[in-house]
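Enquirer: Kindly generate the corresponding structure for this input.
(chains A, B and C)
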Amino acid sequence: MPELPEVETVRRGLEPALLGRRVKAVRLNRPDLRFPFPADLADTVSGKRILALRRRAKYILIELDSGHTLLAHLGMTGRFTVWLPKEAARNLGEFYYQDQAGYSGDGPHDHLVIDLDNDARVVYTDPRRFGFVDLIEPGGVEGNRFLANLGVEPLGNELHAEFLATALAGRRTPLKAALLDQRIIAGLGNIYVCEALYRSRLSPKRSSATIVRKRGQSPLVEALVHSVRTILSEAIEAGGSTLRDYARTDGSSGDFQQRFDVYDREGEACRTNGCNSKIMRLIQSGRSSFYCPTCQR
DNA sequence: CGGGACTCCTGCCAGC
DNA sequence: TGCTGGCAGGAGTCCC
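Expert: Numbers count the residues shown, from 1 in each chain, chains lettered A, B, ... in the order given. Now for the predicted structure:
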């Protein structure tokens, strides 16, 4: 599930139940996910208050009053769910939470269980265990090994045509690979790269440097930046996309998958007016790319 | 340095 | 029905 819009949806879903709360207990159901849990994770996080929930690219950052930051990545199948008693859920206003008070957190793929002082139970579940959790020491966010080499936030001010033109100039790598490269733009994944390329009418196979003009503005780069920003904004607005499991902390689905123009639509009709082509699939760096061979050049 | 292949792991689905 | 192979939203590591 999780690219940037899904991670942002999860962050927003966690916020009302977690913000300002104190951690009562932390339980690890196994020693590792993709990487070992930090040895002092449970001891360090227990008793701390949650000051902020942030997102950087596809990472969720939970800031504690000790200055530590809990970092979580959802990998391919990771998800957070929040369980809390009915009265507590009601007190949180517009947000609805699963009210199975006392949910065990002992499901086969429940790996991390955090209990809060408002009786919320936050459970990290991840069947494939491609996700991971890290504990960052006070002042260590910038230098953290997972965050240090990330590129710009696609919805932030740092992403603009001149930036992307500079990043792509001279690169012969296919656009698909360049957009998946988290060191350039951080937060895009396979789905939204496919969709953004379709919207900007660019082929995933096209060599990156060819959309950059040596002098002046690069209209194709501008179109691509615009597509990236709008597709992500629309997907966040829709609560993200839900494919094989649930994106949201209350267990409900996102809606955006219904609006995919190319992703997972191999053999189906291109949606561009007047185009009679079918969506094609090809493998690039081991991942499926979906595109219209007529509209995307 | 860039780029590709491989890897981790489980679940699901199409096809035989 | 039951098995098998392929594929899945990610990204670090290794090798050329």
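Enquirer: ok, so what distance separates the residue lying closest to residue A:178 once chain neighbours are set aside from DNA strand C?
Expert: Leaving aside its chain neighbours, residue A:178 sits nearest to residue A:208 (4.6 Å; criterion: C-beta to C-beta, 6 or more residues apart in numbering). For every residue, glycine as well, the C-beta is placed using N, CA and C. According to C-beta to the nearest atom of the strand, to the nearest Å, residue A:208 and DNA strand C sit 18 Å apart.
Enquirer: pretty sure residue A:208 contacts residue A:176?
Expert: No: in this structure, residue A:208 is not within contact of residue A:176 by C-beta atoms under 8 Å, at 9.4 Å.
Enquirer: Longest helix of chain A, counting residues only.
Expert: The longest helix of chain A (DSSP state H) is helix A:219-237.
Enquirer: contacting residues around that helix?
Expert: The contact list for helix A:219-237 (C-beta atoms under 8 Å, 6 or more residues apart in numbering) reads A:4-6, A:8-9, A:154-155, A:159-161, A:164-165, A:168, A:175, A:179, A:185, A:187-188, A:192, A:195-197, A:199-202, A:211-213, A:241, A:254, A:256, A:259.
Enquirer: residue boundaries of the helices in the stretch 1-150 of chain A?
Expert: Under the criterion DSSP state H, counting those that start in this stretch, helices of the stretch 1-150 of chain A are mapped to A:4-18, A:41-45, A:86-91.
Enquirer: Which stretch among those helices is buried most, on average?
Expert: helix A:4-18 (a mean of 23; mean count of other C-beta atoms under 10 Å).
Enquirer: Tell me which other helices or strands that one touches.
Expert: Applying 3 or more C-beta pairs under 8 Å, 6 or more residues apart in numbering; DSSP states H and E, we find helix A:4-18 packed against strand A:50-56, strand A:59-64, strand A:79-83, strand A:121-125, helix A:219-237.
Enquirer: sorry, back to before: closest one to DNA strand B among the helices of the stretch 1-150 of chain A?
Expert: Closest approach to DNA strand B among the helices of the stretch 1-150 of chain A is made by helix A:4-18 (17.8 Å; C-beta to the nearest atom of the strand).
Enquirer: Now do that closest one and helix A:219-237, the angle between them.
Expert: For helix A:4-18 against helix A:219-237, the angle by axes from the mean of the first three to the mean of the last three C-alpha atoms, to 10 degrees is 30 degrees.
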